[in-house]
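>>> Starting from these lines, generate the structure:
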Amino acid sequence: MDSPLYRLEQLTARWTLRQFTAYFIALFVLAGVFALSAIDPVFTVGLVVLGVVIAGVASAVEIVRAYEKRALSVFGEYRGLLGPGLHFVAPFVSRTYRFDLRTQTLDVPPQEAITRDNSPVTADAVVYIRVMDAKKAFLEVDDYRRATSLLAQTTLRAVLGDMELDETLSRREDINERIGSELHEPTDEWGVRIEAVEVRVVEPTPDVVSAMEQQSSAERRRRAMILEAQGERVSAIERAEGDKRANVIHAEGDKLARILQAQGNAVSTVLGARAAESMGERAIIDTGLETLGEIGQNGSNAFVLPQELTSLLGRYGTQLSGSDVRTDVQRLESQLLDPETRELLDLDSIEAIGSGEEDPV
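I've put the predicted structure just below:
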């Protein structure tokens, strides 16, 4: 419904300043006539004529403000538009209608609508309009403000009814654009332009609000449970991965320890065997040397030497020149391990592990 101030404006919109002045002067003159009619009839007639002249002049003057235009009609016939400034029109038979060319606001009353998913809502809006063609606004529609307001109400209900509840609450800009586009064509025929439409409030009924709050609360609980379950799953996976890596590291350590122990035992066994063999060879050499020392002391020219001594002399002749004392660098070849033995015992890997050149894992 329109406000009382708007109704008063509509009632007085067709009365201009000159018409108010003329009517006021006419009433004043009539009051004077009734007061003086009993004193002097001639003076009364003159006063009436003067009042009529003043009223005619006042009704013939039309002052139009800079932000408005006025439609002029004479004997009910449209005669054109009056622009800003001072105008003179036919007195008593002319009427003007004022049109404000500034942007005007129309309050759309709260409207109840049913959304597409059968949810009742209440919404209101503000429509900003501007008169672009005062002639159309005068000739094509009786009251452009009221017509635009009613059209906006029906359009608002139709737009809300074509959307779901969630869309009406979240897509406010889309609602504004759709209402504006729906109002554009009919208001253009009235000489009115829709500058903007703003939906101020979209409120569901209390029952719907309560149901939405329960749904939102349930959704929040569901998300919290999902996040908690995901956190527990990630934590369990990380714990399992940690346990797996720890077990692998322990197993690799145990494996390496067993390998090193086995290789150490093998090396010890081989070295012991080599040492025993070397001691046997040394005994043969010592015996052979004693036999060689007796050569020359005996008058016989024939000597019998063991075959093992001759082979050993061939193998260790280089170490027996001068002294059999060994340094840290020189060792008896008999105590050196041949390549096949080193490969069998994997001594190269053991030395690399001991020097830190090879990763045991």
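
>>> For the closest residue to A137 other than its chain neighbours, list the residues it contacts.
For A137, the nearest residue in space outside its immediate sequence neighbours is G191; the separation is 4.3 Å by C-beta to C-beta, 6 or more residues apart in numbering. In this view, the C-beta of every residue, glycine as well, is placed from N, C-alpha and C. Shown here is G191, whose contacts under the criterion C-beta atoms under 8 Å, 6 or more residues apart in numbering are V131, M132, D133, A134, K135, K136, A137, E140, Y144.

>>> Can I have the buried ones of the residues you listed as a ChimeraX selection?
Written as a ChimeraX command, the selection of buried residues from the contacts of G191, which uses 16 or more other C-beta atoms under 10 Å, is:
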select :131,133,134,136,137,144
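
>>> Closest to T269 out of the contacts of G191?
Distances from T269 to the contacts of G191, taken as C-beta to C-beta, are shortest for M132 (112.8 Å).

>>> neighbours around the residue nearest to the closest one when sequence neighbours are not counted, how many?
Distances taken as C-beta to C-beta, 6+ apart put R193 closest to M132, at 4.9 Å, once the chain neighbours are dropped. Burial of R193, expressed as a neighbour count using other C-beta atoms under 10 Å, amounts to 16.

>>> which secondary structure elements does the helix of greatest length in the chain contact?
Criterion DSSP state H: the longest helix present in the chain is helix 206-293. Contacts defined by 3 or more C-beta pairs under 8 Å, 6 or more residues apart in numbering; DSSP states H and E place helix 206-293 against helix 307-316, helix 339-345, helix 347-355.

>>> ok, back up a step: a markdown table for the contacts of G191, including distance to N176 and secondary structure?
Putting those into a markdown table (distance: C-beta to C-beta, whole Å; DSSP: H, G, I helix; E, B strand; the rest coil) gives the following:
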| residue | distance to N176 | secondary structure |
| --- | --- | --- |
| V131 | 21 | strand |
| M132 | 20 | coil |
| D133 | 24 | coil |
| A134 | 27 | helix |
| K135 | 29 | helix |
| K136 | 25 | helix |
| A137 | 24 | helix |
| E140 | 26 | coil |
| Y144 | 21 | helix |
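
>>> need the contacts of G191 in a markdown table with distance to G264 and pLDDT, can you?
Formatted as a markdown table, the entries for those read as follows, by distance: C-beta to C-beta, whole Å; pLDDT from 0 to 100:
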| residue | distance to G264 | pLDDT |
| --- | --- | --- |
| V131 | 107 | 95 |
| M132 | 105 | 94 |
| D133 | 109 | 94 |
| A134 | 113 | 93 |
| K135 | 115 | 93 |
| K136 | 111 | 93 |
| A137 | 111 | 93 |
| E140 | 112 | 92 |
| Y144 | 108 | 93 |
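
>>> Return the closest of the contacts of G191 with respect to I54.
Checking those one by one against I54 (C-beta to C-beta), the nearest turns out to be A134, at 30.1 Å.

>>> what about the strands in the stretch 51-200 of the chain?
According to DSSP state E, counting those that start in this stretch, the stretch 51-200 of the chain carries its strands in the segments 61-64, 68-74, 77-82, 85-88, 94-100, 104-114, 120-131, 192-204.

>>> nearest to L150, of those?
Of all the strands of the stretch 51-200 of the chain, strand 104-114 sits nearest to L150, with 9.4 Å by C-beta to C-beta.

>>> And the residue lying closest to A123 once chain neighbours are set aside, what's its pLDDT?
With C-beta to C-beta, 6+ apart as the measure, V202 is the residue that lies nearest to A123, at 4.5 Å, once sequence neighbours are left out. As summarised for this prediction, V202 has a pLDDT of 89.

>>> same check, this time on A283
Among the per-residue scores, A283 holds a pLDDT of 66.

>>> Same check on L156?
According to the prediction, L156 has pLDDT 94.

>>> how deep is it tucked in, by neighbour count?
For L156, which is what you asked about, the neighbour count (other C-beta under 10 Å) is 27.

>>> Over to E252?
12.

>>> distance of it from R245?
E252 sits 10 Å away from R245, going by C-beta to C-beta, to the nearest Å.

>>> now swap in R233 and tell me
Spatial separation of R233 from R245 under the definition C-beta to C-beta is 19 Å.

>>> Output the strands of the stretch 51-200 of the chain in TSV; the columns should cover distance to V52.
Conversion of those to TSV gives the following (distance: least, C-beta to C-beta, whole Å):
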stretch	distance to V52
strand 61-64	15
strand 68-74	19
strand 77-82	24
strand 85-88	17
strand 94-100	16
strand 104-114	38
strand 120-131	36
strand 192-204	40
